[in-house]
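> Below: sequence and its predicted model.
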Amino acid sequence: MSAQQPLPIAISLGDPAGIGPELSAEAWVRRSEAGLEPFFVLGGAKVLAAASARRGLDCPIIAISHPAETHVAFAHGVPVLGAADAGYTPGQPDEAGARLALASLTEATQLARDGEAAALVTAPIAKAELAKVGFDFPGQTEFLADACGAAAEDAVMMLAGPSLRTVPLTVHCALAEVPGLLSRELICHKARIVAAALARDFGIDRPRLALTGLNPHAGEGGKFGDEEARIIAPAVAALCDEAIDATGPHSADALFTPRSRATFDAALCMYHDQALIPIKALDFDEGVNVALGLPIIRTSPDHGTAFDIAGKGIADPGAMIAAIRLAGEIAARRAQSQLAHG
């Protein structure tokens, strides 16, 4: 590819019974107004055609044999690479659909690893359905870390929207397990990854990190727990010693007000809901899941398969469009950095 024609973005189909296929088609229809870089989808040509028709879109499906054909095809329809397919039964996930979703994710990941795609955008999957066909991971981020040969602790999930960026330091586990999983080493390790990604991929020269407390009112001086004093505050001090701009532990119930959000670039939260509730409340239709710490660029819309509304034409495409746009922006920023540094 020339500098004028960057690598295309690969999109995994997601569960064909969910809203992923119709939103990928909708993103193509809105490609110009949304400023999206060319993308192609791995497999599911029949699914995409049916989902597009059900949504009432004028969205041709163009078969391609190599990612390099994406740019020409993209002007005329959604480029689709690969013959893997399944029936389209919106809202009714089945084993055939799960196998297609896993094949699409696997192949898209490999193309991103091989440098055939600038970035990977993953449409929503149904983890319970995938488990039936051999998917043995808590989520797609963990799958990607394994596929890329990265340590599990190096894969960091960041939720990014127009109003806020949050990072859950512990993710798919029971709330009762969180205190035992937290450590100064874990917090510092993930904070370093977040700070580096904000600088490299988001163009923030000196990222500001805000760390929440674990307990109500950040422990209120030990009255509600000692994790803040014993684990989180020492981690913040260690990060500051490394010249990383980190503050906390902050009381989570006050950290996400408009005034507080202006004081940091990303909030590092102690558990899943502490990070995802504010991003979904503020930026649900534009929230993007970004996997940090991997050798590839990966984004995903911050919503699920939404089987209950699949095929009804009412799913909002905003998060999928935002995920594709952000993937392109990060890829362009990395390419420019590589050119600047030879």
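Looks like it arrived, so ask away.
> give me the low-pLDDT residue ranges for the stretch 51-200 of the chain?
The model of the stretch 51-200 of the chain has no residue with pLDDT under 70.
> show me where it has strands.
61-64, 78-81, 119-122, 156-160, 165-168 (DSSP state E, counting those that start in this stretch).
> Residue 148 is nearest to which of these?
Across those, residue 148 has its closest neighbour in strand 119-122 (10.2 Å, CB to CB). (C-beta placed from N, C-alpha, C; glycine too.)
> just how off-centre is the closest one within its chain?
With CA atoms, centre = their mean, to the nearest Å as the basis, strand 119-122 stands 8 Å off its chain's centre.
> Sheet-wise, list the partners of it with their directions.
strand 9-12 (parallel), strand 298-301 (parallel) (DSSP bridges).
> And the next helix or strand past the first one?
Next helix or strand after strand 9-12 toward the C-terminus (DSSP states H and E): helix 20-29.
> What's the separation between residue 305 and residue 216?
According to CB to CB, to the nearest Å, residue 305 stands 33 Å off from residue 216.
> center of the chain - which residue?
What sits nearest the mean C-alpha location of the chain, by CA atoms, centre = their mean, is residue 289, with 2.5 Å.
> Surely it and residue 157 touch.
Yes: under the criterion of CB atoms under 8 Å, residue 289 is in contact with residue 157, at a separation of 6.2 Å.
> what's the overlap in contacts for these two?
residue 141 (CB atoms under 8 Å, 6 or more residues apart in numbering).
> Identify each buried residue in the lengthiest helix in the chain, please.
Longest helix of the chain, by residue count under DSSP state H: helix 318-340. For helix 318-340, the neighbour count (16 or more other CB atoms under 10 Å) marks 318-331 as buried.
> Mind putting these into a markdown table with distance to residue 107 and pLDDT?
Listed next are the buried residues of helix 318-340 as a markdown table, based on distance: CB to CB, whole Å; pLDDT from 0 to 100:
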| residue | distance to residue 107 | pLDDT |
| --- | --- | --- |
| 318 | 27 | 96 |
| 319 | 23 | 96 |
| 320 | 19 | 97 |
| 321 | 23 | 98 |
| 322 | 24 | 97 |
| 323 | 19 | 98 |
| 324 | 18 | 98 |
| 325 | 23 | 98 |
| 326 | 22 | 97 |
| 327 | 17 | 98 |
| 328 | 20 | 97 |
| 329 | 24 | 97 |
| 330 | 21 | 97 |
| 331 | 19 | 96 |
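> Pick the one among those closest to residue 109.
Using CB to CB, residue 327 is the member of the buried residues of helix 318-340 that sits closest to residue 109, with 13.6 Å.
> Dig out what the residue nearest to the centre of the chain forms beta bridges with.
residue 159, residue 300.
> who touches the residue lying closest to residue 70 once chain neighbours are set aside in this structure?
Of all residues not flanking residue 70 in the chain, residue 8 sits nearest, at 3.8 Å (CB to CB, 6 or more residues apart in numbering). By CB under 8 Å, 6+ apart, the contact set of residue 8 is 37-40, 67, 70-71, 74, 79, 117-118.
> what do you get if the cut-off is 6 Å, keeping everything else the same?
Contact criterion CB atoms under 6 Å, 6 or more residues apart in numbering gives 38-40, 67, 70 as the residues in contact with residue 8.
> Over to residue 133?
By CB under 6 Å, 6+ apart, residue 133 lies in contact with 98-99, 102.
> Distance to residue 148 and neighbour count added to the residues you listed, as a markdown table?
Converted to a markdown table, the contacts of residue 133 look like this (distance: CB to CB, whole Å; neighbours: other CB atoms under 10 Å):
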| residue | distance to residue 148 | neighbour count |
| --- | --- | --- |
| 98 | 22 | 25 |
| 99 | 22 | 18 |
| 102 | 16 | 21 |
